[in-house]
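**Q** the amino acid sequence is not available; the structure is as follows:
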């Protein structure tokens, strides 16, 4: 059926802080969708925060990244008030591969996690991949293509798949062949995603990191 | 008739400040239309006020959000002069779900209420949903699809439905089956919406909150 | 012939400062066209003046509002030099209803009057409605649809209709049934519109108001 839409099965073995593994659903099946966020310039307490986005994104995905950004900024304020990273960081989020058009809202939690990972300077558990639309208040909304995304997660070596609780019935209907070896983590709010991605965190260390 | 346009029947059980439940009218019937507004960064008396909007909005709805924003800013000045929240807040309003195209002016009062709720740091009564176009001076104008919107309000568990007084005759023609259990609140001006959404408020507390 | 283009016959009984009643001409007949202008934020002598416009405007009407804005700013300077309102005001002009597409240059004098009304903090005589294209120097140019607009003015309860002097012959040909009860005020320059809208004004009070 022609060239694969994505050339990369698993882009990263170990994730640096700022990288998360999302999942996309294409006409040719599910694929890993990596999110990379980096600082565009050294952190400066006087700089105006900004997020540049690339990766051939459609309108919905572009808006979705704005939502993830606004959400992440207030999430850090509410949970780690002393950490001022996102108040000043000039950031760039990219979705490899640059020539592949991407759209839809389902990378929301992966984008938020990428930003928060960088703010925490803490890598995401590399066994985890995730899919879910996020709202401004951190609610996680249902996504499409769970079957194809689960197959892709498994093919790429993930052990844990995070998806919206509203997709749980769909998960239970998936063939055992796909589900076997994957631990499902249905979530309703971002707080649950955070715990799965980062586990126990040291509050004092995070708050003093970028104060 | 294919997949539902919206997957979510009731996104929130309890509303945080900044969230309101509006109502939309689609070719497939009425649906709840939630409005979420959050601060994009901590309030800073030196920052320039701004409103980012997302949710795949059409031109009319985008303009409608500008009207709600201008209206809300002056409403707060006129009614709660000491509260400077909207003079400085860098805000983001989102309409989940991100992939569903939305348009029309009828979320006007819900958007204004979302902004004012955040400025008051006071949640909207969760029994209330609302539909109505707003003008810059706070007049509430007639909307379409009251029948479908009322059915959706009821299905989503609302007890009180706020709509423009100009739709009152239409309400009276609705079948008893739809009206039963819903208290209609026809309004002509935003002041009436405010009272229904927030009830009694403490003037001194609101004025001193973000001074 | 389907649903009416505008739902509202008479939006305001009393006009707050910043509101004027214009007239529009649609395929279904004449309709009142209200212009609302409000401050978007409290007046601040350090702020840069700006005019936001909404109401689903076509290109010609959008340009017409720029002309009305430039004209009004210089008119205030020439006539009320001490009044610095338009030099600093961050304004928003809206034309309800938001979903109805509007175009054409004939709301020019109504838009200018809306801006000037706000600068004077003085309401327009509510018996007056007006139609006329305006030029940058304040000349009032001929408009179309005087018959339909006059009928709409009358139906909406106006007593005085301001229109361009170049439309006077057309007025005289209107059936007595339409003209009866309406006082025609043909004008060539904006100065005449001002006197009809505001009557006698207190020069010293206006000049000291926003100094």
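**A** Right, received. Where do you want to start? These numbers come from a predicted model, not from an experiment.

**Q** contacts only, for the residue of chain A found nearest chain C.
**A** Closest residue of chain A to chain C, CB to the nearest CB: residue A:48 (18.8 Å). C-beta here means a position set from N, CA and C on the backbone, and glycine is covered the same way. Residue A:48 makes contacts with A:88, A:90, as judged by CB atoms under 8 Å, 6 or more residues apart in numbering or on different chains.

**Q** the residue in chain A that chain B sits nearest to - how many residues pack around it?
**A** Closest residue of chain A to chain B, CB to the nearest CB: residue A:105 (3.6 Å). Look at residue A:105: counted by other CB atoms under 10 Å in any protein chain shown, it has 28 neighbours.

**Q** without its sequence neighbours, what residue ends up closest to it?
**A** Using CB to CB, 6 or more residues apart in numbering or on different chains and skipping residues adjacent in sequence, the residue nearest residue A:105 is residue B:98, 3.6 Å away.

**Q** for that neighbour, the count of nearby residues, please.
**A** Counted by other CB under 10 Å, the residues lying close to residue B:98 total 25.

**Q** now it. Its backbone dihedrals?
**A** Note on residue B:98: backbone dihedrals following degrees, to the nearest 10 are phi -60, psi -20.

**Q** what's the per-residue pLDDT of the closest residue to residue A:46 other than its chain neighbours here?
**A** Nearest residue to residue A:46, sequence neighbours excluded (CB to CB, 6+ apart): residue A:88, at 7.7 Å. For residue A:88, the model assigns a pLDDT of 91.

**Q** just checking, residue A:103 touches residue A:59?
**A** Yes. Contact criterion CB atoms under 8 Å: residue A:103 and residue A:59 qualify, at 7.4 Å.

**Q** more crowded one of these two?
**A** Shown here are residue A:103 and residue A:59; by other CB under 10 Å, residue A:103 has more neighbours (16 against 13).

**Q** now that one, nearest residue through space, not along the chain?
**A** With sequence-adjacent residues excluded and distances taken as CB to CB, 6+ apart, residue A:103 is closest to residue A:58, at 3.0 Å.

**Q** swap in residue A:193?
**A** residue A:109 (5.1 Å).

**Q** residue A:86 and residue A:70 touch, don't they?
**A** No. The criterion here is CB under 8 Å, and residue A:86 misses it with residue A:70 at 10.1 Å.

**Q** of the two, who's got more company?
**A** Between residue A:86 and residue A:70, counting by other CB under 10 Å, residue A:70 is the more crowded of the two (27 against 24).

**Q** doesn't the more buried one fall inside a strand?
**A** No. Looking at residue A:70 with DSSP: H, G, I helix; E, B strand; the rest coil, it is helix, so not inside a strand.

**Q** for it, give me the pLDDT.
**A** Listed pLDDT for residue A:70 reads 96.

**Q** hmm, residue B:55 and residue A:63 touching each other?
**A** Yes. At 7.1 Å, residue A:63 and residue B:55 qualify as touching, with contact defined as CB under 8 Å.

**Q** sec struct for the residue of chain A closest to chain C, please.
**A** coil.

**Q** how near is the residue nearest to residue A:105 to residue C:35?
**A** 35 Å (CB to CB, to the nearest Å).

**Q** need the contact list for residue A:148.
**A** Residue A:148 neighbours (CB under 8 Å, 6+ apart): A:25, A:29, A:30.

**Q** contacting residues for the last one?
**A** For residue A:30, the contact set (CB under 8 Å, 6+ apart) comprises A:23, A:24, A:145, A:147, A:148, A:149, A:150, A:151, A:152, A:153.

**Q** which non-adjacent residue is nearest the second one?
**A** Spatial nearest neighbour of residue A:24, excluding adjacent residues (CB to CB, 6+ apart): residue A:33 at 4.0 Å.

**Q** can you name the residues bridging to that neighbour?
**A** residue A:22 (DSSP bridges).

**Q** also residue A:130?
**A** residue A:162.

**Q** ok, back up a step: and which of the contacts of residue A:148 is nearest to residue A:169?
**A** The closest of the contacts of residue A:148 to residue A:169 turns out to be residue A:25 (CB to CB; 17.8 Å).
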